[in-house]
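give me a model of this one.
(one chain, ligands or ions: 1)
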Amino acid sequence: MSNKSSKISGFYKLPIEKRVEFVKDFANLSDEEAKLFSSCLDIETADHMIENVLGTFELPLGVAVNFLINGKDYLIPMAIEETSVVAAASNAAKIARIQGGFKTESSESLMIGQIQLLRIDDVVDAAEKIISYKQKLLNLANDQDKILTNLGGGAKDLEVRILDTPIGKMIVVHIIVNVLDAMGANAVNTMCEALAPMIEEITGGKTRLRIISNLADRRIVKARAVFDKDKMGGEHVVDTFLESYTLAAIDPYRAATHNKGIMNGIDALIIATGNDFRAIEAGAHAYAARNGNYTSLSKYYKDKNGNLVGEIELPMAVGIIGGAANIHPKARLCRKILGVKTARELAEVAAALGLAQNFAAVFALSTVGIQKGHMSLHAKNIAVMAGAIGDQIDIVADRLVKEGKIKLDRAKEILEELK
Ligand code: MEV
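Model (predicted):
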């Protein structure tokens, strides 16, 4: 574990080599590991990961600085194509630090596996029969993954739901599995498939779907931070922030965008650590609608000192073992930079990052608007699209920003003038 501070100003102004040096020193990376930043996933590894491989697809990998979570400093790797996201998270973390940083908590890594059971005449009787075989079913589930059970994980509980559907009554059996440090899909799906024949035998019914649920509402993570009112520009800014937030709390149109801002941070970390961002997205949005109304995943209010308190709560099915998290060299590197020892710690960092990202977006929207922060990097992208290279990129981008017109045709004109 690094005991170095992640707090640094002007990180973005450093040349790339200096940034790498800072991260190398923070995370005690070897020269070999540091070289990985500028390497690509090798084609043989890629060829083993998916089918029909043609090559690899790169995203920028940055690092968010200033994060203090439960008293520990983190540099958070983020793989993302969108400008301003990494800077915004770093800035929010800097503000949160003033009042002690982020505090997080998480539940055990409990995932739900579903087994759908059809063609039952008496669903109540069938449900009772399944419950009476609960221990046998759990034993059978646990026989599928001795490593997991030996480590203290495995199937812990079984629940039976009777559902009224347009095609009649059906049963859904849920197994609750502690997947420890894995994302858990493989372990849970294997267990579901193994239980299906026994459930058919017990009930005389027919099983169909046997699959994990991505609504991982037993694997919840929470983060909280106090954002300093003075650093925000005064208590009136806190009030403006709360007015903006209110719309996300009650209106699904705004809540979707608000939550998208949260996922900007979370997904970037999930991708950087080789985790399944679709699973995280699915879980987050389903959880946001758990009460029947789609709403914000975060909550904000003012404390007695007038500071802004932010809280976030969402499912977080992430792993630090298995799948791409183990295979992808950069995912392993990112985990080393984070210094996380468990999946729960990674989940808690993700929640803190999501909250930071959300705070930064709503703060910008409540004050200067979002475009200002986007301008300079957006202008650089336009400059590159216009054909600028090397020093030309900054020169063209600066002119575009100064002129307040970030357009490709104008970038081309400026480039011509330079030539
Ligand atoms: C853009 O990627 C994310 C935001 O739209 C989030 C928000 O509106 O809160 C800025």
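
please name the nearest non-neighbouring residue to Glu58.
Cys40 (6.4 Å; Cβ to Cβ, 6 or more residues apart in numbering). C-beta: built from backbone N, CA, C; applies to glycine.

distance-wise, check the residue of the stretch 151-300 of the chain found nearest the ligand relative to Ala248.
The ligand sits closest to Gly261 of the stretch 151-300 of the chain, with a gap of 2.8 Å, by Cβ to the nearest ligand atom. For Gly261, the distance to Ala248 equals 9 Å [Cβ to Cβ, to the nearest Å].

what touches both of those two?
Val362 (Cβ atoms under 8 Å, 6 or more residues apart in numbering).

before we move on, what SS does the residue nearest to Glu58 have?
Secondary structure, DSSP: H, G, I helix; E, B strand; the rest coil: Cys40 is coil.

returning to that earlier point: quick check: closest non-adjacent residue to the residue of the stretch 151-300 of the chain closest to the ligand.
Nearest residue to Gly261, sequence neighbours excluded (Cβ to Cβ, 6+ apart): Ala361, at 3.8 Å.

and the one you found, that one's in a helix?
Yes: checked against three-state DSSP, Ala361 lies within a helix.

was I right about it contacting Asn259?
No: judged on Cβ atoms under 8 Å, Ala361 makes no contact with Asn259 at a distance of 10.5 Å.

circling back to that earlier point, ok, now which ones touch the residue nearest to Gly261?
Contacts of Ala361 by Cβ under 8 Å, 6+ apart are Ala88, His258, Gly261, Asn264, Ile370.

count the neighbours of the last one for me.
So that's Ile370. When neighbours are counted by other Cβ atoms under 10 Å, Ile370 registers 15.

now do it, the pLDDT please.
With respect to pLDDT, Ile370 has a value of 71.

now the stretch 51-200 of the chain, which segments are flagged as low pLDDT?
Applying pLDDT under 70 to the stretch 51-200 of the chain flags no residue at all.

closest point of it to the ligand, which residue?
Across the stretch 51-200 of the chain, the shortest distance to the ligand (Cβ to the nearest ligand atom) belongs to Glu82, at 5.8 Å.

what's the closest non-adjacent residue to Ile130?
Per Cβ to Cβ, 6+ apart, closest to Ile130 is Val160, 5.1 Å.

how much space separates that neighbour from Ile211?
Using Cβ to Cβ, Val160 is found at 17 Å from Ile211.

same check, this time on Ala331
Where Ile211 is concerned, Ala331 sits at a distance of 24 Å (Cβ to Cβ).

these two: which has the busier surroundings?
Neighbours per residue, other Cβ under 10 Å: of Ala331 and Ile211, the larger number sits with Ala331, 22 against 14.

quick one: that one and Asp73, what's the gap?
According to Cβ to Cβ, Ala331 stands 21 Å off from Asp73.

what does Leu29 give?
From Leu29 over to Asp73 the distance is 16 Å, taken as Cβ to Cβ.

get me the contact residues on the protein for the ligand.
Glu82, Thr257, His258, Lys260, Gly261, Asn264, Ala361, Val362, Leu365, Ile370 (Cβ under 6 Å from any ligand atom).

list the residues that contact the closest residue in space to Ser244 that isn't next to it in sequence.
Leaving aside its sequence neighbours, Ser244 sits nearest to Ser366 (Cβ to Cβ, 6+ apart; 4.4 Å). Residues near Ser366 by Cβ under 8 Å, 6+ apart: Val237, Thr240, Phe241, Glu243, Ser244.

give the burial count for the fourth one, as a bare number.
Right, the one you point to is Glu243. 10.

element containing it?
helix 235-250 (DSSP states H and E).

which parts of that helix are buried?
Buried residues in helix 235-250, defined by neighbour count with 16 or more other Cβ atoms under 10 Å: Val237, Val238, Thr240, Phe241, Leu242, Ser244, Tyr245, Ala248, Ala249.

helix or strand right after it?
Following helix 235-250 in sequence order, the next helix or strand is helix 252-272 (DSSP H and E).
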